[in-house]
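Asks: Coordinates for the following, if possible.
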Amino acid sequence: MVSEKVSAFIEAHVAVITAFSNGSSLEEAAARAYAPYRRCVQANSRRLGS
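Replies: Have a look, this model is predicted:
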C-alpha cells in the first residue's frame, strides 16, 4: 500500500504542475491533484471490501 501512496503522490504532483502550466484555475488544479488519490482509495476499498 505504501508504494501505491507514493505513486499517487507523484501522479498528483505531476497533475498540479501540468494544470498550472496550462493556465488552469486553482480549483481545476486541485481536482486534478485529488484524482490519483481517489483512484487509489477506490481501488483499495474494492480490494479490501471483497
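
Asks: which residues sit against stretch 26-40?
Replies: The set of residues that contact stretch 26-40 without belonging to it, under CB atoms under 8 Å, 6 or more residues apart in numbering, is 4-5, 7-9, 11-13, 15-16, 18-20, 24. (Each C-beta comes from the backbone N, C-alpha and C, glycine too.)

Asks: Mind putting those residues into a markdown table with neighbour count and pLDDT?
Replies: As requested, the contacts of stretch 26-40 are arranged in a markdown table below (neighbours: other CB atoms under 10 Å; pLDDT from 0 to 100):
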| residue | neighbour count | pLDDT |
| --- | --- | --- |
| E4 | 14 | 82 |
| K5 | 14 | 83 |
| S7 | 12 | 89 |
| A8 | 20 | 88 |
| F9 | 14 | 91 |
| E11 | 17 | 93 |
| A12 | 18 | 93 |
| H13 | 12 | 94 |
| A15 | 19 | 94 |
| V16 | 18 | 94 |
| T18 | 12 | 95 |
| A19 | 19 | 94 |
| F20 | 14 | 95 |
| S24 | 16 | 93 |
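
Asks: So which of those are in strands?
Replies: When DSSP state E defines the strands, the subset of the contacts of stretch 26-40 inside them is empty.

Asks: Could you export the residues you listed to a markdown table, including columns for distance to A35?
Replies: Supplementary listing: those in a markdown table, determined by distance: CB to CB, whole Å:
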| residue | distance to A35 |
| --- | --- |
| E4 | 14 |
| K5 | 15 |
| S7 | 13 |
| A8 | 9 |
| F9 | 12 |
| E11 | 8 |
| A12 | 8 |
| H13 | 12 |
| A15 | 7 |
| V16 | 11 |
| T18 | 12 |
| A19 | 11 |
| F20 | 15 |
| S24 | 13 |
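
Asks: Thank you kindly, that will do.
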